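Enquirer: Sequence plus predicted model, see below.
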Amino acid sequence: MPRIISANLNGIRSAHKKGFFNWMANQDADFICVQELKAQQADMTEEFLAPHGYHGHFHYAEKKGYSGTGVYSRTKPDTVKTGFGCTEFDNEGRYTRADVGDLTIISVYCPSGSSSPERQEAKFRFMEVFLPHLQELRAEGREIVICGDWNIAHKEIDLKNWKGNQKNSGFLPEERAWMTRIFDELGLVDVHRGIDQRPEQYTWWSNRGQAWAKNVGWRIDYHVATPGIAARAHAVSIYKDERFSDHAPLIIDYV
């Protein structure tokens, strides 16, 4: 009965200080996908590399203190791959894949476009190259779960203030349409929404103002999966009792 967790750490060293790895030890998870390591290989202590007996595999950004992804697995993966074949984004450490038996787990950190028009253009370039990669993954015929921070709220229900964000990165019509193509054309599944259709299921809150206190959030962290394993999902939760980051861990149990 696999338990898979996705967690944007907003810095692995910061999350460690806030108790993430102690929490992780008690989750009985089979896979933990992490994003935004903000660390290089030289910064990774043994506790970060192999906590509590997990096998950790990571994709580091060339730029220091930036991006980065990883997958922790209870079972040693048969194969591991970092990057998806696009130099621009592979240099940013945005993709870690681990294959265990007939299951593929991917940790992805899609670019944010909120800091500048140039980064939004980079985000659009990522979307253009990542969609064909998702098509290739589908063609492999494996059961796949892609966990991570996609930096897009798909529908109005997925953010508190949707009316005021329609021209902002993360809720642009082009971004939302791209997510719709992933689900409707490629046949991948938004696992969380397949189980829980309630509003206010947010996973990220701005550090500005009183966003956390007032629950003015966005649902931008996902499990995107092939239909077979998606149908096996039976319980979802967002862990908010402790704060390790500006994101909350997304936990989904599969049978």
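Expert: Structure received.
Enquirer: mind listing what Pro51 touches?
Expert: The neighbourhood of Pro51, defined by Cβ atoms under 8 Å, 6 or more residues apart in numbering, consists of 21, 24-25, 72. The way it works is simple: take the backbone N, C-alpha and C, and place the C-beta from them, glycine included.
Enquirer: Which residue is the nearest non-sequential neighbour of Trp162?
Expert: Of all residues beyond its chain neighbours, the one nearest Trp162 is Glu156 (4.3 Å), with distances taken as Cβ to Cβ, 6 or more residues apart in numbering.
Enquirer: What separation is there between the one you found and Val191?
Expert: Relative to Val191, Glu156 is positioned 20 Å away (Cβ to Cβ, to the nearest Å).
Enquirer: next one: Asn168
Expert: In this structure, Asn168 and Val191 are separated by 26 Å, where distance is defined by Cβ to Cβ.
Enquirer: Give me the more crowded residue out of the two.
Expert: Shown here are Asn168 and Val191; by other Cβ atoms under 10 Å, Val191 has more neighbours (25 against 15).
Enquirer: Now do the contacts for that one.
Expert: Val191 sits next to 145, 222-225, 230, 233, 236, 252 when contact means Cβ under 8 Å, 6+ apart.
Enquirer: Roughly how far does the closest residue in space to it that isn't next to it in sequence sit from Asn207?
Expert: The shortest distance from Val191 to any residue other than its chain neighbours is 4.1 Å, reached at His223 (Cβ to Cβ, 6+ apart). The span separating His223 from Asn207 equals 25 Å under the rule Cβ to Cβ.
Enquirer: Looking at the two, which has the bigger crowd around it?
Expert: His223 (28 against 8).
Enquirer: average model confidence for the one helix or strand Trp178 maps to?
Expert: Take DSSP states H and E as the rule and Trp178 turns out to sit in helix 173-184. Per-region confidence: helix 173-184 scores 98 on mean pLDDT.
Enquirer: What is the subsequent helix or strand relative to the longest helix along the chain?
Expert: The longest helix of the chain (DSSP state H) is helix 117-140. Scanning forward in sequence from helix 117-140 by DSSP H and E, the next helix or strand is strand 143-149.
Enquirer: ok, that next one: who's next to it in the sheet?
Expert: Strand 143-149 pairs in its sheet with strand 103-109 (parallel), strand 221-225 (antiparallel), by DSSP bridges.
Enquirer: now the ones you listed in CSV, with distance to Ala122 and mean pLDDT?
Expert: What follows is those, written out as CSV (distance: least, Cβ to Cβ, whole Å; pLDDT from 0 to 100):
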stretch, distance to Ala122, mean pLDDT
strand 103-109, 13, 98
strand 221-225, 20, 98
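Enquirer: mind putting the ones you listed in a markdown table, distance to Thr180 included?
Expert: Conversion of the strands paired with strand 143-149 to a markdown table gives the following (distance: least, Cβ to Cβ, whole Å):
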| stretch | distance to Thr180 |
| --- | --- |
| strand 103-109 | 18 |
| strand 221-225 | 12 |
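Enquirer: in the stretch 101-250 of the chain, which segments are predicted with low confidence?
Expert: Nowhere does the stretch 101-250 of the chain drop to pLDDT under 70.
Enquirer: how close does the residue sitting nearest the centre point of the chain get to Glu46?
Expert: The centre of the chain sits closest to Gly148, judged by Cα atoms, centre = their mean, with a distance of 0.7 Å. When Cβ to Cβ is the yardstick, Gly148 and Glu46 sit 25 Å from each other.
Enquirer: what's the answer for His192, then?
Expert: In this structure, His192 and Glu46 are 33 Å apart, going by Cβ to Cβ.
Enquirer: Tell me the secondary structure of Asp209, please.
Expert: Small correction: residue 209 is Gly, not Asp. Judged by DSSP: H, G, I helix; E, B strand; the rest coil, the three-state class of Gly209 is coil.
Enquirer: what's the nearest residue to it once chain neighbours are set aside in contact with, if anything?
Expert: Across the structure, with Cβ to Cβ, 6+ apart as the measure, the residue nearest Gly209 apart from its sequence neighbours is Val216 (7.5 Å). Under the criterion of Cβ under 8 Å, 6+ apart, the contact partners of Val216 comprise 160-161, 205-206, 209-210.
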